[in-house]
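1. Sequence and predicted structure are below.
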Protein chains: 2
Amino acid sequence: MTEVVESKQDRIARRQIDKFEARRTELAVATLHTLAELGYARTSLREIAQKSEFSHGVLHYYFADKRDLITHAVRQYEAVCVTRYDEAVASATSAEELKCEFVGMFFATLKADAPLHRLWYDLRNQSLFEESFREDVLEIDEHRQAMIWRVVSRYAELAGGEPATSPAAGYVMLDGIFQRALLHSLSGMDSSVGELEQELDHVLDLLVTAS
Amino acid sequence: MTEVVESKQDRIARRQIDKFEARRTELAVATLHTLAELGYARTSLREIAQKSEFSHGVLHYYFADKRDLITHAVRQYEAVCVTRYDEAVASATSAEELKCEFVGMFFATLKADAPLHRLWYDLRNQSLFEESFREDVLEIDEHRQAMIWRVVSRYAELAGGEPATSPAAGYVMLDGIFQRALLHSLSGMDSSVGELEQELDHVLDLLVTAS
DNA sequence: GCGAGATTTGGACACTCGTCAAGATTTTCT
DNA sequence: AGAAAATCTTGACGAGTGTCCAAATCTCGC
């Protein structure tokens, strides 16, 4: 009987833990939105709380401190970002089709999710100064690299060639294009963004050996 | 005679203005060092003053406000950074020599001036959130792009080929490599940096059409 | 419905921030 | 040398920060 009682208490305990976790992610999502809007340098706990439906005190009930909160927010970002092109990779039946879908999605998310993307770059840069961010940043960067590599290697396969770079170099070069396009997009330099879009078509072919 | 007096006053006035300007750049340089060490988010005026030989009040004697000061510091950065490869471009007599010198300098400054470089990326990212930084950032980015383009186009010339990308795409891709190498270098991932160095050799050739 | 525990609130705290101004100090000109 | 101007220091201010906590509120098993 004790074990029955125990399991019942366990169920109750688990339910509360789940609720606790659920609220944590809820607050982490609110944090993510505030960060995306204001940037790391100007995001305060009171600002975060104001964007949620809670008071600022509750943040310290669910998180040890500010770093703990932001770390969890970054982990939420990861969940959002790294499967973006997988469907296109799986469904494309020709190199041309994959390229077209990839370039389209690339610039679609650039425009639709600009605040989130600039946050990512902001946090990645923070990790250049704050060692405590590095582990998470490096891990997320790995996942982004893998995501891009799935596209590039599949593109090479469909084109009947081989990737011309390592996964790291390929990712880093395409990410460089994304960063520049993001900056120019937020600066209202639409024509420059358009040129980059045209050029991405071309760059993808540079990243695979001629078939 | 009035004009003689005036010109004498002018000389005096100019001398004082020059002195004023000199102290401004002196303080801007101190600001640059503090920014490079702490990052934008954690740099305060008192911290800047402490790294100089003055008190914090003097900053408001020479600069209107914090933004004015940081803007001038960024301009100082620009003066430092954009002629780095020009000597190599001018003196190289073969593609192989230019490539070797470029790759060497690329990774030498990566290691020697890491704090300054991470500051640049930090400020460029701030411009994604703060419109007031954008004008300066875009201008400096142009100069960096031109600097890289001088290398790429000369390399293509020496190799008897043509650049395979636009100046923007070429810059952005090489800059992406630099960013990644900087992150991994500051993270102590030396082997990863070494791989990127090897790969840069290869990437340079991707950026020119086969001769 | 009651009561214990979980959750939330809102204010207090110690601190740092940018800014400013009054006064002390130094430099410069006559 | 002495006066005038430029320069620098110091301390204060109000606002904003992260953190903590006592009290208020809510939840939920009994």
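-> Nice, thanks for sending it over.
2. Spell out which residues of chain A are next to DNA strand C.
-> Neighbours of DNA strand C within chain A, by C-beta under 7 Å from any atom of the strand: A:Gln16, A:Lys19, A:Phe20, A:Arg23, A:Glu53, A:Phe54, A:Ser55, A:His56, A:Gly57, A:Val58, A:Tyr61, A:Tyr62. The C-beta positions use only the backbone N, C-alpha and C, and glycine is treated the same way.
3. Out of those, which sit inside helices?
-> Mapping these onto helices (DSSP state H) picks out A:Gln16, A:Lys19, A:Phe20, A:Arg23, A:Tyr61, A:Tyr62.
4. how about a markdown table for those, with pLDDT and neighbour count added?
-> Below are those laid out as a markdown table (pLDDT from 0 to 100; neighbours: other C-beta atoms under 10 Å in any protein chain shown):
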| residue | pLDDT | neighbour count |
| --- | --- | --- |
| A:Gln16 | 74 | 10 |
| A:Lys19 | 87 | 10 |
| A:Phe20 | 93 | 11 |
| A:Arg23 | 95 | 14 |
| A:Tyr61 | 97 | 11 |
| A:Tyr62 | 97 | 18 |
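5. Tabulate those (a markdown table), appending distance to B:Ala41.
-> Compiled in a markdown table, these are given as follows (distance: C-beta to C-beta, whole Å):
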| residue | distance to B:Ala41 |
| --- | --- |
| A:Gln16 | 36 |
| A:Lys19 | 34 |
| A:Phe20 | 30 |
| A:Arg23 | 28 |
| A:Tyr61 | 26 |
| A:Tyr62 | 24 |
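6. Would you mind listing the residues in contact with whichever residue of chain A sits closest to chain B?
-> Distances between chain A and chain B by C-beta to the nearest C-beta are smallest at A:Gly176, namely 2.7 Å. By C-beta atoms under 8 Å, 6 or more residues apart in numbering or on different chains, A:Gly176 lies in contact with B:Val172, B:Met173, B:Leu174, B:Asp175, B:Gly176, B:Ile177, B:Gln179.
7. one step back: from the residues of chain A next to DNA strand C, pick the one nearest DNA strand D.
-> Nearest to DNA strand D out of the residues of chain A next to DNA strand C is A:Gly57 (C-beta to the nearest atom of the strand; 3.8 Å).
8. Check the burial of that closest one by counting its neighbours.
-> 9 (other C-beta atoms under 10 Å in any protein chain shown).
9. and what of A:Glu131?
-> A:Glu131 - counted by other C-beta under 10 Å - has 11 other residues nearby.
10. how far away is it from B:Gln16?
-> According to C-beta to C-beta, to the nearest Å, A:Glu131 stands 46 Å off from B:Gln16.
11. what's the most distant pair in the residues of chain A next to DNA strand C?
-> A:Gln16 and A:His56 (23.3 Å; C-beta to C-beta).
12. so what's the residue nearest the centre of chain A up against?
-> Most central in chain A under C-alpha atoms, centre = their mean is A:Cys81, positioned 3.6 Å from the mean C-alpha point. Contacts for A:Cys81 (C-beta under 8 Å, 6+ apart) come out as A:Leu116, A:Trp120, A:Ile140, A:His143, A:Arg144.
13. top of those by neighbour count?
-> Counting neighbours by other C-beta under 10 Å, A:Trp120 comes out on top of those with 24 neighbours.
14. Just the pLDDT at that residue, thanks.
-> On pLDDT, A:Trp120 comes in at 95.
15. and the strand or helix carrying it with chain B, contact?
-> In this structure, A:Trp120 sits in helix A:114-129 according to DSSP states H and E. Yes: remark: helix A:114-129 sits within contact range of chain B at A:Arg118, A:Tyr121, A:Asp122, A:Arg124, A:Asn125, A:Gln126, A:Ser127, A:Leu128, A:Phe129, by C-beta under 8 Å from any C-beta of the partner chain.
16. Can you lay out those residues as a markdown table showing distance to A:Arg154?
-> Shown next, in a markdown table, are the residues of helix A:114-129 next to chain B (distance: C-beta to C-beta, whole Å):
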| residue | distance to A:Arg154 |
| --- | --- |
| A:Arg118 | 28 |
| A:Tyr121 | 26 |
| A:Asp122 | 30 |
| A:Arg124 | 26 |
| A:Asn125 | 30 |
| A:Gln126 | 33 |
| A:Ser127 | 30 |
| A:Leu128 | 32 |
| A:Phe129 | 36 |
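17. Kind regards, and thank you for your time.
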